[in-house]
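# Using only what follows, build the 3D model:
(4 chains, ligands or ions: 4)
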Number of protein chains: 2
Amino acid sequence: MPTWEETLSQAGCRITEPRRAVMTVLAQAERSLVPQEIFALGIKLHATLSLVTVYRTLELFEELSLVRRVHQDDKCHGYLLTAAGHRHVLVCEGCGRAVEFPGQDDLVALIARVEECTGYQVEAHLLQLVGVCPHCQ
Amino acid sequence: MPTWEETLSQAGCRITEPRRAVMTVLAQAERSLVPQEIFALGIKLHATLSLVTVYRTLELFEELSLVRRVHQDDKCHGYLLTAAGHRHVLVCEGCGRAVEFPGQDDLVALIARVEECTGYQVEAHLLQLVGVCPHCQ
DNA sequence: TCCCTTATTGCAACTTATTTGCAATAATTA
DNA sequence: TAATTATTGCAAATAAGTTGCAATAAGGGA
Ligand SMILES: [Mn+2]
Ligand SMILES: [Mn+2]
Ligand SMILES: [Zn+2]
Ligand SMILES: [Zn+2]
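Numbers count the residues shown, from 1 in each chain, chains lettered A, B, ... in the order given. Ligands and ions are numbered 1, 2, ... in the order given. Predicted coordinates for the structure are as follows:
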């Protein structure tokens, strides 16, 4: 698996200080962060970082699948670094800490059944679990 | 299962024209609608309806589990009438038409495994499928 | 290493989206 | 029908996200 720098380069994008800052912040985070939070932490790493750039960077990173967006009841636009190969996320409702887990196979049967019943052709899915992390129990 | 009017009454809330309008709009919708859309349709049923009231009504309805919020890549705040007993939703990426389907059981094994692996205690889940409806195929 | 080209940034201004205070209104209950 | 009080709509305030544009800084080649 390529590094994020390689992914950027191969996409013809430049590796810049603001992008480095955003990536570092996300890499060190132990829960999903909203743009505002990423900005607040990122400005410590790159003094001239702007919120606008955070938005643009997240959009780019999401396109390149470097980050994933998590949906919660309250805040809907938290961002999380994408773990390689994993697809699903489990978020702690106490502290927001999130872990990713594989499990594609578990849904295959379910999806087949739903397709049969509804006539829809399922192309993607969003599975997100909410719970309490060991820390918060 | 109680009607939405009963649910409201039992919660000590009043059954008003604006709320009736919002509920009617959602009941007639064949896809999830954002507040703005609900307002546009609702004002035809209740001429003095305001967008502010739509927001407040949706918040109330969501608390009472009368409506559910669907999360999509683009718009994250679509609302859908809650179908009794059902938990999951399948949204058409073409036209937005949505159907709900049961399937709690399918996730039991997966959730047990995830709890084991992560130490989290899973309390809820968000499973949303995206596909193409028969209409759009 | 220095230059050149051009992707990227940050500012400022703008557009939505959502929230809140408050007086007027309308749904209940007696 | 009247009294009570939840609810509404307006106006104004926030918050969230977007866009135009000139200044800046990657990074490929000389
Ligand atoms: Mn999955
Ligand atoms: Mn969302
Ligand atoms: Zn926690
Ligand atoms: Zn469709």
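# I'd assumed A:Leu41 was in contact with A:Val54.
No - using CB atoms under 8 Å, A:Val54 makes no contact with A:Leu41, being 10.0 Å away. In this view, the C-beta of every residue, glycine as well, is placed from N, C-alpha and C.
# So for the two, which sits in the more crowded spot?
Here A:Val54 and A:Leu41 are compared on neighbour count by other CB atoms under 10 Å in any protein chain shown; more neighbours surround A:Val54, at 26 against 18.
# any bit of the helix or strand that contains that one sitting next to DNA strand D?
Per DSSP states H and E, A:Val54 falls inside helix A:51-63. Yes - against DNA strand D, helix A:51-63 shows contacts by CB under 7 Å from any atom of the strand at A:51-52, A:55-56, A:59.
# cool, and stretch A:14-32?
Yes - shown here: stretch A:14-32 in contact with DNA strand D (CB under 7 Å from any atom of the strand) through A:14-17.
# who's in contact with the biggest helix by length in chain A?
Assignment by DSSP state H gives helix A:104-118 as the longest helix of chain A. Residues from elsewhere that reach helix A:104-118 (CB atoms under 8 Å, 6 or more residues apart in numbering or on different chains): A:87, A:120-122, A:125, A:127, B:90, B:99, B:101, B:103, B:106-107, B:109-110, B:129, B:131, B:133.
# Could you turn the buried ones of these into a PyMOL selection?
Command for PyMOL, covering only those of the contacts of helix A:104-118 found buried under the criterion 16 or more other CB atoms under 10 Å in any protein chain shown:
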select buried, (chain A and resi 87+120+122+125+127) or (chain B and resi 90+99+101+103+106+107+110+129+131+133)
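# Return the subset of the contacts of helix A:104-118 lying in helices.
B:106-107, B:109-110.
# which residues sit in contact with the closest residue to A:Gln36 other than its chain neighbours?
In this structure, A:Gln36 finds its nearest non-sequential neighbour in A:Leu51, 7.2 Å apart by CB to CB, 6 or more residues apart in numbering or on different chains. By CB under 8 Å, 6+ apart, the residues touching A:Leu51 are A:35-36, A:39.
# List only buried entries from the residues you listed.
For those, buried by 16+ other CB under 10 Å: A:35, A:39.
# Kindly reformat the contacts of A:Leu51 as CSV and extend each row with pLDDT.
Shown next, in CSV, are the contacts of A:Leu51 (pLDDT from 0 to 100):
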residue, pLDDT
A:Pro35, 96
A:Gln36, 95
A:Phe39, 97
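# Show me which of the contacts of A:Leu51 is closest to ligand 2.
Nearest to ligand 2 among the contacts of A:Leu51 is A:Pro35, at 13.9 Å by CB to the ion.
# how near is the nearest residue to that closest one once chain neighbours are set aside to ligand 4?
Excluding its sequence neighbours, the residue lying closest to A:Pro35 (CB to CB, 6+ apart) is A:Val54, at 5.1 Å. Between A:Val54 and ligand 4 the distance is 34 Å, computed by CB to the ion, to the nearest Å.
# give me every residue that touches A:Val54.
Counting by CB under 8 Å, 6+ apart, A:Val54 has contacts A:18, A:22, A:35, A:38-39, A:42.
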